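K.L.:
no sequence for this one, just the structure:
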DNA sequence: GAGACCAGCAGGG
DNA sequence: CCCTGCTGGTCTC
């Protein structure tokens, strides 16, 4: 089941802004989500990789606007079949591998690469994360890198807790604690 | 290149 | 609890 299986999430860096993004909606345990796929090349062949995964918090239209804002000039193409195929991998019981495509600065990539190594149910503080990427004093910078992550859940920003115990989350504090509670009880 | 912005932290009241 | 100073990378002119 999704969130309780330890998916392998290899990150691929996008060299340029994709021209088109295939998108579709999925219903997760924690609400409706917007999933976007782009094409990456792996050796000689090309395949789909997840480049965005947002929670739909207001309406479908608002979520699409959010995509347009963060990915200017990309063409959005509804592709329910591709999304469905992707979902099967997400929900598989095996230790599945799912490709994720990201774009960002060196620090952001380093931060995200550490995050995907986190096991289900584990948590880490921002300070520890800063040490992992070799910038022990750049806690605030690391935090803003975390916040720029486009692929929620798969890049598990919800597993980062602040030392003071304050709960903050881009998708809402309640969602974060729900996710952590769910993972902790499996 | 300057200045503003942050999902942090520690220290002091 | 709240307030303050410090922090470093990124974003926007």
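P.N.:
Received the coordinates, thanks. None of these values were measured; they are calculated from a predicted model.
K.L.:
where's the nearest residue to residue A:186 once chain neighbours are set aside relative to residue A:106, distance?
P.N.:
Among residues not flanking residue A:186 along the chain, residue A:4 sits closest, at 4.3 Å (C-beta to C-beta, 6 or more residues apart in numbering). For glycine as for every other residue, the C-beta is placed from the backbone atoms N, C-alpha and C. Residue A:4 is 32 Å from residue A:106, where distance means C-beta to C-beta, to the nearest Å.
K.L.:
re the thing from before, so the residue nearest to residue A:186 makes contact with residue A:183?
P.N.:
Yes - using C-beta atoms under 8 Å, residue A:4 is in contact with residue A:183, at 7.3 Å.
K.L.:
between these two, which has more neighbouring residues?
P.N.:
Just comparing residue A:4 and residue A:183: by other C-beta atoms under 10 Å the higher neighbour count belongs to residue A:183, 18 against 12.
K.L.:
before we move on, the earlier item: tell me the SS of the residue nearest to residue A:186?
P.N.:
Recorded secondary structure, residue A:4: coil (DSSP: H, G, I helix; E, B strand; the rest coil).
K.L.:
roughly how far does it sit from residue A:160?
P.N.:
19 Å.
K.L.:
next, name the residue at the spatial heart of chain A.
P.N.:
Of all residues in chain A, the one closest to the mean position by C-alpha atoms, centre = their mean is residue A:151, 2.0 Å from it.
K.L.:
which bits of chain A sit near DNA strand C?
P.N.:
A:104-108, A:135, A:137-138, A:140-141, A:144-145, A:148 (C-beta under 7 Å from any atom of the strand).
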